[in-house]
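Student: Here you go, sequence then predicted model.
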Amino acid sequence: MIVIAVVPSVFIKRPPRPVPAQQAPAPDSGGRPPTDSIPHLGIDSTAADTSRGQIVQVTSPLYKFGITTLGGRLVDITLPRYKSFARSDTGKTVQVLPPESDLLGLKLLVGNDTLRLNRWVFTPSAEALTASLSTPLTLTASRGGVDVNLTYRFDPTSYLFTVEGQVNGLGPNGAVLLVGMGPGIRNTEADSIDNQRQLAVVTKTNGATATHFSKLNAGQTTTFPGPFEWVAVKSKYFVNAIFVLDTTRARISGATATPPASAGKAPTRADIEVSMPLTADGKFGYQVYAGAMEYRRLSQIGHDFDDVNPYGWPGLRTVIRPVAVAVRWLLLWMHDHLHLAYGVVLICFGIMIRLILWPLNQKAMRSSMAMQAIQPQLKEIQEKYKQEPQKLQQEMFKIYKEHGVNPFGGCWPLLIPMPVLFALFFVFGNTIELRGESFLWLPDLSRPDPHYIVPVLMGLTMFVLSKVGSRGMPPSPQTKMMMYVMPVMMTVLFLNFASGLNLYYAVQNTASIPQQWLLSKERLRRNPQPPPAPPKQKK
């Protein structure tokens, strides 16, 4: 079976424990002892390079990549368009990779031996490079008759680049290439706990499947059956992914890794390697996406890569994801084509949703008024047939039919906006285009209001909406609970939600008040309340 293996690690790097003389070395790559030795090729682990290598900088307006000559690994991804909100960075430009990155570090499995190309020192074609499709970066290395050539081709307008390579001198034995993707993505957000919660490995076969780091078992290897079109490691807003979309090449087929034993209950790092077989001539190739999860760029790649950041909870994704994708597209379209700030876009969107639901609300409210009109008859038959449940049900449906009342007609306006509200919850929590967007006193629509003004306004508008909607209705404990308790509960619940979500909800409540006022007037006109009884005169 072809697999991908993911293994958790931790932020804190501890010194290795001494290994007793009688203890065997830790297993590597399926139980084989770690080695750089290929005896029949004359390559010995004692000849391993000790150089730290030099960093080749590749720059474009979108990114600055740092590739070390020690293994040809990607050790720096700096994104000038985005600021880091991590407290330790104090507004610096986002740097995606942790210092110990093994992204694109290579190993070769040849028979029972492991050839660690990520320890070889390569010779680069340039010490620095401006990204250009016409000028690739080449890296070459040779040892013991084995020659390795790597070619990186960068597009200055995209986070997607191509890696091609060839290994000569391995002999007739087949080989498997392991490509490193660990240990994860550096924290870039003010809420580091939430960012860590979003860390995941995402694989694509028939559909995208995410496995969060927190679900991995420390000290154990987790495997995923392939083959895959792409494999990605993501945080809340940034992603590194490897693609093999060319059907003439071998798909990503699997990996193995040795986990550290001290990751704790909720790992925040993972040693990840993907594997693919070399062709008979020793060639390999793949594409790499290293950057921000910008919706347009993800969708242009196709192959469901825009689903690398899944929307919705398991079991509800089939309902939430289509709504979330539509809402995200509409918000971005309004921002780009109408040239509106995202705060204004949310206000317009909230009003638009309320106008769309206006006819449904009208119908539901009138259904509710009709239900109130037949309440005396319902109470009468409930008393009459309280000992005959089946007869009671028949008589109730008979009354509904005679008066043209749908007992469930008032539920739809409450249920229909819920998918939109849930979708917005995920859109604001995972859409990088909204990250750092300010509006009025709100510094970031994707983060909670630091002054709690918007959630309080949301609660107040909810109370006013309930108050207006209850005009002309007979007082009841349920009505009082909806009017007083629910706004308080919702305010407390939404305090730490994205301020943009609170803004949308508050606008939608406000836009609903005129309709509730008109409908309550209609209710009072149809069912006028009796005048209050005159006060009794004292004798």
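Tutor: Received, thanks. Numbers count the residues shown, from 1 in each chain.
Student: Now do the contacts for the residue nearest the centre of the chain.
Tutor: Nearest to the mean C-alpha position of the chain, by Cα atoms, centre = their mean, lies Asn309 at 3.4 Å. Asn309 is in contact with Lys234, Val239, Met293, Asn430, counting by Cβ atoms under 8 Å, 6 or more residues apart in numbering. For every residue, glycine as well, the C-beta is placed using N, CA and C.
Student: where does the closest residue in space to Leu331 that isn't next to it in sequence fall, helix, sheet strand or coil?
Tutor: Nearest residue to Leu331, sequence neighbours excluded (Cβ to Cβ, 6 or more residues apart in numbering): Val345, at 5.6 Å. Here Val345 is helix, with the state taken from DSSP: H, G, I helix; E, B strand; the rest coil.
Student: Contact partners for Val345?
Tutor: Contact analysis of Val345 by Cβ under 8 Å, 6+ apart lists Leu331, Met334, His335, Leu338.
Student: Neighbour-wise, which one of the residues you listed leads?
Tutor: The most crowded member of the contacts of Val345, judged by other Cβ atoms under 10 Å, is Leu331 (24 neighbours).
Student: and that one, what does it touch?
Tutor: By Cβ under 8 Å, 6+ apart, the contact set of Leu331 is Tyr342, Val345, Leu346, Phe349, Val427, Leu434.
Student: returning to that earlier point: distance check, the residue nearest to the centre of the chain against Met293.
Tutor: According to Cβ to Cβ, to the nearest Å, Asn309 stands 5 Å off from Met293.
Student: pLDDT-wise, which helix or strand of this protein ranks last?
Tutor: Lowest mean confidence among the helices and strands of the chain (mean pLDDT, DSSP states H and E): strand 3-9, at a mean of 41.
Student: How are the strands of the stretch 301-450 of the chain distributed by residue range?
Tutor: Assigned by DSSP state E, counting those that start in this stretch, the strands in the stretch 301-450 of the chain number zero.
Student: low pLDDT regions in it?
Tutor: Scanning the stretch 301-450 of the chain with the threshold set as pLDDT under 70 gives 312-315, 365-366, 368-373, 406-416.
Student: switch the cut-off to 90
Tutor: The model of the stretch 301-450 of the chain has pLDDT under 90 over residues 302-304, 306-329, 336, 350, 353-437, 443-447.
Student: Where do the helices of it begin and end?
Tutor: Here the stretch 301-450 of the chain has its helices, by DSSP state H, counting those that start in this stretch, at 317-337, 342-356, 358-373, 375-384, 389-403, 412-415, 417-430.
Student: In the last one, which of the residues would be classed as buried?
Tutor: Applying a neighbour-count criterion of 16 or more other Cβ atoms under 10 Å, one finds Pro417, Pro419, Val420, Phe422, Ala423, Leu424, Phe425, Phe426, Val427, Phe428, Gly429, Asn430 buried in helix 417-430.
Student: For Tyr400, grab the count of nearby residues.
Tutor: Neighbour count of Tyr400, defined by other Cβ under 10 Å: 16.
Student: do Thr209 as well
Tutor: Around Thr209 there are 15 residues (other Cβ under 10 Å).
Student: Let me see the backbone angles for it.
Tutor: phi -130, psi 120 (degrees, to the nearest 10).
Student: need the contact list for the residue lying closest to it once chain neighbours are set aside.
Tutor: Nearest residue to Thr209, sequence neighbours excluded (Cβ to Cβ, 6+ apart): Thr203, at 5.4 Å. Each residue near Thr203 by Cβ under 8 Å, 6+ apart is listed here: Ile4, Thr209, Thr211, Phe224, Gly226, Phe228, Trp230, Val231, Ala232.
Student: correct me, but the fourth one touches Ala210?
Tutor: What that stands for is Phe224. No - here Phe224 does not reach Ala210: they are 10.9 Å apart, not a contact under Cβ atoms under 8 Å.
Student: what sits in contact with each of those two?
Tutor: Common contacts of Phe224 and Ala210 (Cβ under 8 Å, 6+ apart): Val201.
Student: sorry, back to before: where's the residue nearest to Thr209 relative to Ile513, distance?
Tutor: Distance from Thr203 to Ile513, by Cβ to Cβ: 48 Å.
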